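In: Coordinates for the following, if possible.
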Amino acid sequence: MSDFAIAQDKAMGTVSTGLYIHVPFCARSCDYCAFYQSAPDADAIRRYFEALRQEAGLIAWPAQIETVFWGGGTPGLLSPKDLLKLGALVREFSGGRPREWSVEMTPLSVTEARIEALKEAGVTRISLGVQSFQPRLLDALGRQHTPEQAFKAAERLHAAGFDNVNYDLMFALPGQDDEDWMRDLDQAIALAPAHISTYCLTFEEDTKLWLKLSQGKIRRDVEAEARLYTATWERLAAAGYGQYEISNFARPGRACLHNLNTWRMQDWIGLGPSAASQQAGWRGTNIADLDKWCAEVAAGRRAGEDRQELSPGLLAEDALIFGLRMNEGVDLAPLRARAPGADWAAVDAMAGELREGGLADVTGSWIRLTPRGRLLADSVGERLLGLLSS
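Out: The predicted structure is shown next:
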């Protein structure tokens, strides 16, 4: 059974739960990054761990956590001792061995001692923030590592037996042309990771790159972005990486299960400042401030930002919007069963419009975006907003 079929089955039956832990510490903010982060001093790390355990004690844990993901920030900045401490916390509350356990790392954070600690903790998957193999493009992003350090990190992970590694790469960067991007893709392919994620540069407010864009120092080229998207899909397909979501490509059996769980609108528990949760019929986000999060957790409160009750219609709508980003598309039948009272006539009408416009294929109860539709997935999602949740 494919990962997609498993996720679809779960949409109709038992809810699976993922665990996301936000490790906010970063040595330096990259020019494109808008995620919450904090300086990694000893006192901050101590208070973080204290509050993390307090927050874990506030949760009604399910019998089993299916997937675990440590993101950031830079989880790999933690010392080997602290990585083991965080791993012990996961094992205490996860109800057994997760099917998949991912950790984000930068090339600079991949040391032999940290790798050993992660393996001992039970981590099964590493997501490596490479972004580019070219020095000038790394400089344009404000990244601190060199291409040589990325190669060394890949070598260390391979030598340690980590065979489920993802490389994050970015395109449409300032100063990058088509040949630059193809060289980066080919270099990643040559290193033979199990998974490759390719992200078009986005300009988030309050980042250095957004400021440069607003000042006219750099500009977006939407036509070039579309060209690079399609070239990426073709190059990775030829290399044996199956595209299963707009930005994600994997060897057979190596799709990221944690992300699949999220896109299918299953449950997930978020721990740490700015972490989001979706569980037991509600969704909310922790405050994006280490000190305030510590205080909230100490007072017995969590996920209080943007907290909302989840109706079956809203969950079905979100599963449709995010599911259409995946190549396999969405089987509407289990979603109809999940939210029988929603306005499915409006969805049927929209599906017809998308099909007539060449943006989607509709076969039986399945709807999937065409290649052209995937290029316009964000605008398709906007058109679907409110159809089932209103």
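
In: which stretches of the stretch 101-250 of the chain form strands?
Out: Ranges of strands in the stretch 101-250 of the chain, per DSSP state E, counting those that start in this stretch, are 125-131, 165-171, 195-200, 242-245, 248-250.

In: tell me what the helix or strand harbouring Ile269 is packed against?
Out: Using DSSP states H and E, Ile269 sits in strand 267-271. If contacts are counted by 3 or more Cβ pairs under 8 Å, 6 or more residues apart in numbering; DSSP states H and E, strand 267-271 sits against strand 17-23, helix 42-56, strand 276-279. (Glycine included, C-beta is placed from N, CA and C.)

In: what about it, average pLDDT?
Out: Average pLDDT, strand 267-271: 97.

In: Could you export that strand as PDB, CA atoms only?
Out: C-alpha atoms of strand 267-271 as PDB (Å, rounded to 0.1, in the frame of the first residue of the first chain):
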ATOM      1  CA  ASP A 267      -3.900  15.300  14.400                       C
ATOM      2  CA  TRP A 268      -0.600  16.800  15.500                       C
ATOM      3  CA  ILE A 269       0.700  18.000  18.800                       C
ATOM      4  CA  GLY A 270       3.000  21.000  18.800                       C
ATOM      5  CA  LEU A 271       5.500  21.700  21.600                       C
END
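
In: the domain parsing of this structure - what is it?
Out: Domain segmentation of the chain under automatic domain parsing yields 3-262, 312-384.

In: So which of those domains is nearest Leu290?
Out: With Cβ to Cβ, the closest approach to Leu290 among the domains of the chain belongs to domain 3-262: 4.9 Å.

In: next one: that closest one to chain centre, how far?
Out: Centroid displacement of domain 3-262 relative to its chain, using Cα atoms, centre = their mean, to the nearest Å, is 7 Å.

In: Isn't Leu108 up against His145?
Out: Yes: if you go by Cβ atoms under 8 Å, Leu108 and His145 touch, sitting 4.9 Å apart.

In: tell me which residues of stretch 101-116 are tucked away?
Out: Counting neighbours by 16 or more other Cβ atoms under 10 Å, one finds that the buried residues in stretch 101-116 are 101-110, 114-115.

In: quick one: contacts for the residue positioned nearest the centre of the chain?
Out: Centroid-nearest residue in the chain, with Cα atoms, centre = their mean: Asn259, separated by 5.9 Å. By Cβ atoms under 8 Å, 6 or more residues apart in numbering, the contact list for Asn259 reads 245, 248.

In: Checking it next. Helix, strand or coil?
Out: helix (DSSP: H, G, I helix; E, B strand; the rest coil).

In: what's the lengthiest helix in the chain in contact with?
Out: In terms of residue count, the longest helix belonging to the chain (DSSP state H) is helix 222-238. Defining contact as Cβ under 8 Å, 6+ apart, one finds that helix 222-238 is touched by 171-172, 178, 181-182, 185-186, 189, 196, 198, 200, 243, 246, 249, 371, 375.

In: Least confident secondary structure element in the chain?
Out: The helix or strand of the chain with the lowest confidence, counting by mean pLDDT, DSSP states H and E, is helix 3-12 at a mean of 38.

In: Now do the closest residue in space to Pro252 that isn't next to it in sequence: how many residues are near it, please.
Out: Nearest non-adjacent residue to Pro252, counting by Cβ to Cβ, 6 or more residues apart in numbering: Gly242, 6.9 Å away. Applying other Cβ atoms under 10 Å, we find 15 residues neighbouring Gly242.

In: ditto for Ser379
Out: When counting by other Cβ under 10 Å, one arrives at 10 neighbours for Ser379.

In: Please apply the same query to Thr363.
Out: 8.

In: before we move on, what about Ser390?
Out: So Ser390, with other Cβ under 10 Å, has 11 neighbours.
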